[in-house]
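Participant: requesting a structural model of the entry that follows:
(chains A, B, C and D)
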2 protein chains.
Amino acid sequence: MVKIGTGIGIGALGKATGVNIETIRYYERIGLLPKPDRTLAGYRQYGGEHLRRLSFIRKGRDLGFSIEAIRALLRLAEHPEQPCEDADRMTAAHLAEVERKIEELGRLRDALRGMAHCRAGTVAECRIIDALAS
Amino acid sequence: MVKIGTGIGIGALGKATGVNIETIRYYERIGLLPKPDRTLAGYRQYGGEHLRRLSFIRKGRDLGFSIEAIRALLRLAEHPEQPCEDADRMTAAHLAEVERKIEELGRLRDALRGMAHCRAGTVAECRIIDALAS
DNA sequence: GATGAGGTCTGTAGCGGCTACAGGGTCAAG
DNA sequence: CTTGACCCTGTAGCCGCTACAGACCTCATC
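Facilitator: Numbering: from 1, shown residues only, chains lettered A, B, ... in the order given. Take a look at the predicted model:
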């Protein structure tokens, strides 16, 4: 291992953040995670800043924010003196979207519950098939 | 218009079923909807069977079934003498998946509600950014 | 018969957010 | 010196569409 400065490899970064290695490389490719230094052999070497940034991304993804939303939130986080209206607006919009999806899925669930557990016997009298075919 | 037999065009089929024209062609391409006859000019001509089948597909999609699930359900619907266990099992599995998603989104909603409506003022004290960065 | 508006055709590429290879290089331990 | 774990690049695939470009066809109107 040829070390240039101190840092961790992509595997360690992945373990530390819970992000798949391939995903980390993907984030680099789309410019979400800055390109790290490389060892002489060409291995990526990450530092604390990368770790923090990738954790941020991971948490944002876990909360369901889109990549573009996270990009915007990262830009905001880099400018602590700015007002946080934008972050608030984005979160509210995302929350509304999540609530909308919950309602939609709730309606779906009710529809599915209403037709499931068909004990008719054959497809000819099956309530499920019938619900779709009618 | 060169008519061969009687049938409706792709636009009329789309309107009748609420399915986008491009999507109809897509369904044909992936073998979900059988290839229709063509007029001499090469226009697709759909009949009642296509209409029924596409409605079935549409309803299945509205219920959130995957394309592959719908393919299986269509095969079932074509064999009315068979037992409908499979349809029941698929619906139950899908219902469970929908319920799982609802719970997951509920957790997401709670997390977002807990951090939203940040009135801190600047990003430096923003609860939203903080939640992601910490 | 010319024109224009709308419908339709094929083929291909793009979306989001990864994920999965193939085919190679690198490194440390035994 | 070999083994096995790690890492590299580049590309293609997943799902379910959607959006073109560039052509062709049909019909109503003048």
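Participant: for the nearest residue to residue A:125 once chain neighbours are set aside, grab the count of nearby residues.
Facilitator: Nearest non-adjacent residue to residue A:125, counting by Cβ to Cβ, 6 or more residues apart in numbering or on different chains: residue B:84, 7.9 Å away. Glycine gets a C-beta too; all of them are placed from N, C-alpha and C. Using other Cβ atoms under 10 Å in any protein chain shown, residue B:84 is surrounded by 24 other residues.
Participant: surely residue B:84 meets residue A:130?
Facilitator: No. Assessed by Cβ atoms under 8 Å, residue B:84 is found out of contact with residue A:130, at 9.7 Å.
Participant: show me the contacts for residue A:10.
Facilitator: Neighbouring residues of residue A:10 by Cβ atoms under 8 Å, 6 or more residues apart in numbering or on different chains: A:21, A:24-25, A:43-44, A:46.
Participant: care to break chain A down by domain?
Facilitator: Here the domain assignment for chain A is A:1-82, A:84-134, based on automatic domain parsing.
Participant: can you list those in CSV and add mean pLDDT?
Facilitator: Supplementary listing: the domains of chain A in CSV, determined by pLDDT from 0 to 100:
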stretch, mean pLDDT
domain A:1-82, 93
domain A:84-134, 90
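Participant: nearest to DNA strand C, of those?
Facilitator: Nearest to DNA strand C, of all the domains of chain A, is domain A:1-82, at 2.9 Å by Cβ to the nearest atom of the strand.
Participant: and chain A, which residues reach DNA strand C?
Facilitator: Contact residues (Cβ under 7 Å from any atom of the strand) of chain A with DNA strand C: A:1-2, A:20, A:22-23, A:26, A:39-42, A:61, A:66-68.
Participant: returning to what we had before: identify, from the contacts of residue A:10, the entry nearest to residue B:11.
Facilitator: residue A:25 (44.5 Å; Cβ to Cβ).
Participant: got phi/psi on the residue nearest to that closest one when sequence neighbours are not counted?
Facilitator: Nearest residue to residue A:25, sequence neighbours excluded (Cβ to Cβ, 6+ apart): residue A:10, at 7.4 Å. Phi and psi for residue A:10, reported as degrees, to the nearest 10, are phi -70, psi -30.
Participant: where's the nearest residue to residue A:47 once chain neighbours are set aside relative to chain B, distance?
Facilitator: Nearest residue to residue A:47 in three dimensions, chain neighbours excluded: residue A:7, at 5.0 Å (Cβ to Cβ, 6+ apart). In this view, residue A:7 and chain B are 20 Å apart by Cβ to the nearest Cβ, to the nearest Å.
Participant: give me the number of residues near residue A:7?
Facilitator: Number of residues near residue A:7 (other Cβ under 10 Å) recorded here: 20.
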